[in-house]
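In: coords please:
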Amino acid sequence: MAVTPIAVENGKAGQKVERKLLMTFVDVSDTAATPEWELQGRSVEDASVEYNHDTNSTTDILGKVDVDIGVAMPQLTMDPNTLRMGQKLNAKLVDIERRGAISELSTFSVLQVYAFLSDEGAGPFEADKYDNCSIIPTSLGGSSYVGMPFELHLSADRTAGTATITAGTGAGLATATFTAADAD
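Out: Now for the predicted structure:
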């Protein structure tokens, strides 16, 4: 299997990859048949996917250390997450919390787009779609504006593929279209 090179549009050797090229979208549609991918991260200054591998180290009788690495349990924290007009995910999260429908917090589809992984840096880009992800609000409130930070836990229900990105217009954020690898 060939590894997709790290490339950015009009990039030069040694150029750093900007954080905005690692994109996280959540399906905010009412039906899975027609996903509506909403880009996350507006107002968030720092967010990283924490892989959270379970590890177990042992030292053998020769003094050598072996490390067993378990499956990843990736999560991403969006904090702060300021509520804004028109944000569908935030409206859904507020609604779920108000109704106490906690089981709905584990029913999200998430699209992780690596907009720095493509042959020429212009797309389509490598992407992974995760189904049955959990999005857990951690609080609601703030000082000047209302915030609802959340933890996003990616599931093991992953489909590899590619995504094309459509730039947002005006105050609108970019959107994505996902194609599963086996759908080609």
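
In: what residues does stretch 63-75 touch?
Out: The contact list for stretch 63-75, computed with C-beta atoms under 8 Å, 6 or more residues apart in numbering, reads 49-60, 151-154, 156. All C-beta atoms are positioned from the backbone trio N, CA, C, and that covers glycine.

In: end-to-end on that stretch?
Out: End-to-end span of stretch 63-75 (C-alpha to C-alpha, to the nearest Å): 34 Å.

In: could I get the buried residue list for that stretch?
Out: 74, 75 (16 or more other C-beta atoms under 10 Å).

In: off-centre distance for that stretch?
Out: A distance of 23 Å separates the C-alpha centroid of stretch 63-75 from that of its chain, computed with C-alpha atoms, centre = their mean, to the nearest Å.

In: swap in stretch 139-159?
Out: Chain-centre distance of stretch 139-159: 11 Å, with C-alpha atoms, centre = their mean.

In: list the buried ones in it?
Out: 147, 148, 149, 150, 152, 153, 154, 155, 159.

In: helices or strands up against the top strand by length along the chain?
Out: Counting residues, the longest strand found in the chain (DSSP state E) is strand 125-137. Here strand 125-137 touches helix 88-99, strand 108-114, strand 150-153, strand 158-166, strand 175-180, going by 3 or more C-beta pairs under 8 Å, 6 or more residues apart in numbering; DSSP states H and E.

In: show me what contacts residue 138?
Out: For residue 138, the contacting residues are 79, 149, 150, 151, taking C-beta under 8 Å, 6+ apart as the criterion.

In: do I have it right that the third one meets residue 135?
Out: Yes. The pair residue 150 and residue 135 qualifies as a contact (C-beta atoms under 8 Å) at a distance of 5.4 Å.

In: and the helices and strands packed on strand 125-137 as a markdown table, adding distance to residue 129?
Out: As requested, these are exported to a markdown table (distance: least, C-beta to C-beta, whole Å):
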| stretch | distance to residue 129 |
| --- | --- |
| helix 88-99 | 16 |
| strand 108-114 | 5 |
| strand 150-153 | 14 |
| strand 158-166 | 5 |
| strand 175-180 | 5 |
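
In: tell me which of these is the most buried.
Out: strand 108-114 (a mean of 22; mean count of other C-beta atoms under 10 Å).

In: tell me what it is packed against?
Out: strand 22-27, strand 125-137, strand 158-166, strand 175-180.

In: can you lay out these as CSV showing mean pLDDT and distance to residue 14?
Out: As requested, the helices and strands packed on strand 108-114 are exported to CSV (pLDDT from 0 to 100; distance: least, C-beta to C-beta, whole Å):
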stretch, mean pLDDT, distance to residue 14
strand 22-27, 96, 19
strand 125-137, 96, 21
strand 158-166, 93, 24
strand 175-180, 92, 28
